[in-house]
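J.: sharing a model prediction with you, sequence too.
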Amino acid sequence: MEIPPGSPDGSERSPQSKDLVTSHTGSTLCTSSRSESVWTSTSRSKWDIYHKPVIVVSVGAAVFLFGTVITSLSCFLTHNKKVYKMSGPAFLSLGLMLLVCGLVWIPIIRKKQKQRQKSQFLQSLKSFFFNR
């Protein structure tokens, strides 16, 4: 193995270490749903809060109905019967999975909203008593 030449005191850095120092990894690591401040008082509409699970439920219901239609086609049509028998249950299971995930997601969001409201109330009480 060859060691790259550098100064003995370590004042010269390799190009890789310069990239690591100048990159903004700290800001990208914290970008998640939790990065939103709990203490902000901006009210959001119901659509802003629930749009993702509503879309997942809608897509899941549509795929489930599509799977039902394809499965029922295997009973009525004689040509391509094997294709309908294989793809119908696949769409049924995928649609049911999306439907259930969306329906479970909604109570989780409600619980999170209640916790957020409680923490805002406790923060306002704390600031009222300790900022006097």
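T.: All right, it came through fine.

J.: need the contact list for K85.
T.: Residues in contact with K85, defined by Cβ atoms under 8 Å, 6 or more residues apart in numbering, are 71, 74. (Each C-beta comes from the backbone N, C-alpha and C, glycine too.)

J.: so it is in which element?
T.: helix 81-130 (DSSP states H and E).

J.: what is the least confident helix or strand in the chain?
T.: The helix or strand with the lowest mean pLDDT-type score in the chain, counting by mean pLDDT, DSSP states H and E, is helix 25-29 (a mean of 49).

J.: after that helix, which helix or strand is next?
T.: helix 46-76.

J.: could you check the angle helix 81-130 makes with that following helix?
T.: If you take axes from the mean of the first three to the mean of the last three Cα atoms, to 10 degrees, helix 46-76 sits at 160 degrees to helix 81-130.

J.: got the buried residues for helix 46-76?
T.: Counting neighbours by 16 or more other Cβ atoms under 10 Å, one finds that the buried residues in helix 46-76 are 50, 53, 56-57, 60, 63-64, 66-67, 70-71, 73-74.

J.: could you do stretch 77-88 as well?
T.: 84, 87-88.

J.: can those go into TSV with extra columns for pLDDT and distance to S124?
T.: Putting the buried residues of stretch 77-88 into TSV (pLDDT from 0 to 100; distance: Cβ to Cβ, whole Å) gives the following:
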residue	pLDDT	distance to S124
Y84	86	60
S87	92	55
G88	91	55
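
J.: okay, those residues in TSV with distance to C101 next?
T.: Below are these laid out as TSV (distance: Cβ to Cβ, whole Å):
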residue	distance to C101
Y84	26
S87	21
G88	21
